[in-house]
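Peer 1: below are the sequence and a predicted model for it; my questions follow.
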Amino acid sequence: AQSVTQLDSQVPVFEEAPVELRCNYSSSVSVYLFWYVQYPNQGLQLLLKYLSGSTLVKGINGFEAEFNKSQTSFHLRKPSVHISDTAEYFCAVIFLSGTYKYIFGTGTRLKVLA
Amino acid sequence: NAGVTQTPKFRVLKTGQSMTLLCAQDMNHEYMYWYRQDPGMGLRLIHYSVGEGTTAKGEVPDGYNVSRLKKQNFLLGLESAAPSQTSVYFCASSRPLDTQYFGPGTRLTVL
């Protein structure tokens, strides 16, 4: 079955430290990949997406992600986090076969500490 | 542009009552979705629509019904609310195979 895994449910990190949030998906079929951010009491909003082209994707707020087809991963990174980055981050995948399902991971709560 | 709006923002129901959540989008998107978000469970798809007049079941459709009579609106109904339906409900819209745009959510409590 097609699935999206975010292994880390919570990631604490100190301000100005780098962070990586991990996302893996289950299938080797072609995919479109997304990262969304959800601030407290808000809906999700897009951080970045990969549809085709360069495997290194840059998004808003200094985030970037790299698509690794052989490892079926799309990890999100930021070299230096701020307190304002405290939020929940969701990886999402569209598997480009069959029913073209849009599947979200269960989310990673990033807590930036002063 | 307002994007995706949801009405109401908060609601408290008693067990057995019914209600309808309204989602509206002004981006002319074909696809619309209803999700529920519960602690530790991420987003779960309730129902979705790929065009006016069409709806389909998602991952957790039981106890909910939907209608998409107009392209810009997607309604989610609870016919007989249960405490297990206490949740935050999000509506989203998108073009096919692209970014989903989310509303601000509706916080529903069923007593």
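Peer 2: On my side now, so go ahead. Residues are numbered from 1 along each chain as shown, chains lettered A, B, ... in the order given.
Peer 1: now the element after the lowest-mean-pLDDT helix or strand in chain A, going C-ward?
Peer 2: Lowest by mean pLDDT, DSSP states H and E among the helices and strands of chain A is strand A:102-104, with a mean of 91. Next along the chain after strand A:102-104, taking DSSP states H and E as the criterion, comes strand A:108-113.
Peer 1: which residues does that next one contact?
Peer 2: A:6, A:8-15, A:19, A:21-22, A:81-90 (CB atoms under 8 Å, 6 or more residues apart in numbering or on different chains). C-beta: built from backbone N, CA, C; applies to glycine.
Peer 1: give me the buried subset of those.
Peer 2: A:6, A:11, A:13, A:19, A:21-22, A:81, A:85-90 (16 or more other CB atoms under 10 Å in any protein chain shown).
Peer 1: on that earlier part again, just the ones of the contacts of strand A:108-113 in strands?
Peer 2: Mapping those onto strands (DSSP state E) picks out A:Q10, A:V11, A:P12, A:V13, A:F14, A:V19, A:L21, A:A87, A:E88, A:Y89, A:F90.
Peer 1: and the first one, what is it in contact with?
Peer 2: It stands for A:Q10. Contacts of A:Q10 by CB under 8 Å, 6+ apart are A:T108, A:R109, A:K111.
Peer 1: please redo it, this time with the cut-off set to 10 Å
Peer 2: Residues near A:Q10 by CB atoms under 10 Å, 6 or more residues apart in numbering or on different chains: A:E88, A:G107, A:T108, A:R109, A:L110, A:K111.
Peer 1: and these as a markdown table, adding pLDDT?
Peer 2: A markdown table is the format used below for those (pLDDT from 0 to 100):
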| residue | pLDDT |
| --- | --- |
| A:E88 | 97 |
| A:G107 | 95 |
| A:T108 | 97 |
| A:R109 | 96 |
| A:L110 | 97 |
| A:K111 | 97 |
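Peer 1: pLDDT weak spots in chain B?
Peer 2: Scanning chain B for pLDDT under 70 picks out nothing.
Peer 1: how about the residues of it by chain A?
Peer 2: Listed as neighbours of chain A in chain B under the rule CB under 10 Å from any CB of the partner chain: B:3-4, B:6, B:9, B:31, B:33, B:35, B:37, B:40-45, B:48, B:56, B:58-59, B:88, B:90-92, B:94, B:96-105, B:107.
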